[in-house]
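Participant: structure here, sequence nowhere to be found:
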């Protein structure tokens, strides 16, 4: 089902993208970004960070749907498992890192920033996040600088991008 108002898609049928050593995320929104919410499904292997440690201007919420991960949040570590939910108010600094014996899948939802305004984001140097190779080398608000040392991976189908089966 697909039209201008609604559509249904299976995560196995969309392209997944990522950066070397930073897991993979499903592009569930397709070519058109949702206006009010950003929505992703991310899969990381043990030891892989989802992204770089950061805080941004919008609320974000996360639900671990399988596996385990470590959450580095406001310079503390929390071990998360399936069905753990995390709420981050604006500018809460955080990063998720895969843990346990296999892949970890996380649903990520965040308020969409109006396109006319720049999204405020900060990537601060963080010693705890650096332990997981998830810290920038110097503070920056620029995502291109934050991820410059990590190679972007071309979009790939579900099974090629993750080790999840079923």
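Facilitator: Perfect, thanks for sending it. Quick caveat, the model's predicted, so the values are computed rather than measured. Numbers count the residues shown, from 1 in each chain.
Participant: tell me how many other residues crowd residue 62.
Facilitator: 23 (other CB atoms under 10 Å). For every residue, glycine as well, the C-beta is placed using N, CA and C.
Participant: looking at strand pairing, list the partners for it.
Facilitator: residue 86, residue 108 (DSSP bridges).
Participant: what residue ranges in this structure score low on pLDDT?
Facilitator: Low-confidence segments of the chain (pLDDT under 70): 1-4, 30-33, 113-119, 156-166.
Participant: now the strands: where do they sit in it?
Facilitator: All strands of the chain, identified by DSSP state E, fall at 16-19, 24-26, 37-44, 55-56, 60-66, 68-73, 76-81, 85-88, 94-99, 104-111, 121-122, 152-156.
Participant: so what touches the fifth one?
Facilitator: Yep, that's strand 60-66 we're talking about. Contact partners of strand 60-66, identified using CB atoms under 8 Å, 6 or more residues apart in numbering, comprise 80-88, 92, 96, 103-111, 164.
Participant: quick one: buried residues of it?
Facilitator: 60, 62, 64, 66 (16 or more other CB atoms under 10 Å).
Participant: for the last one, same thing?
Facilitator: Judged by neighbour count using 16+ other CB under 10 Å, the buried positions of strand 152-156 are 153, 155.
Participant: could you say what helices and strands that strand packs with?
Facilitator: The criterion is 3 or more CB pairs under 8 Å, 6 or more residues apart in numbering; DSSP states H and E, and the helices and strands that strand 152-156 contacts are strand 16-19.
Participant: chain center to the strand it packs on, what's the gap?
Facilitator: In this view, strand 16-19 has its centroid 10 Å away from the chain centroid, taken as CA atoms, centre = their mean, to the nearest Å.
Participant: so what strands line up beside it?
Facilitator: Strand pairing for strand 16-19, using DSSP bridges, gives strand 24-26 (antiparallel), strand 152-156 (antiparallel).
Participant: make a ChimeraX selection of whichever of the contacts of strand 60-66 turn out to be buried.
Facilitator: Applying 16+ other CB under 10 Å to the contacts of strand 60-66 leaves a buried subset, and the ChimeraX line that selects it is:
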select :80,84,86,88,96,103,104,105,106,107,108,110,164
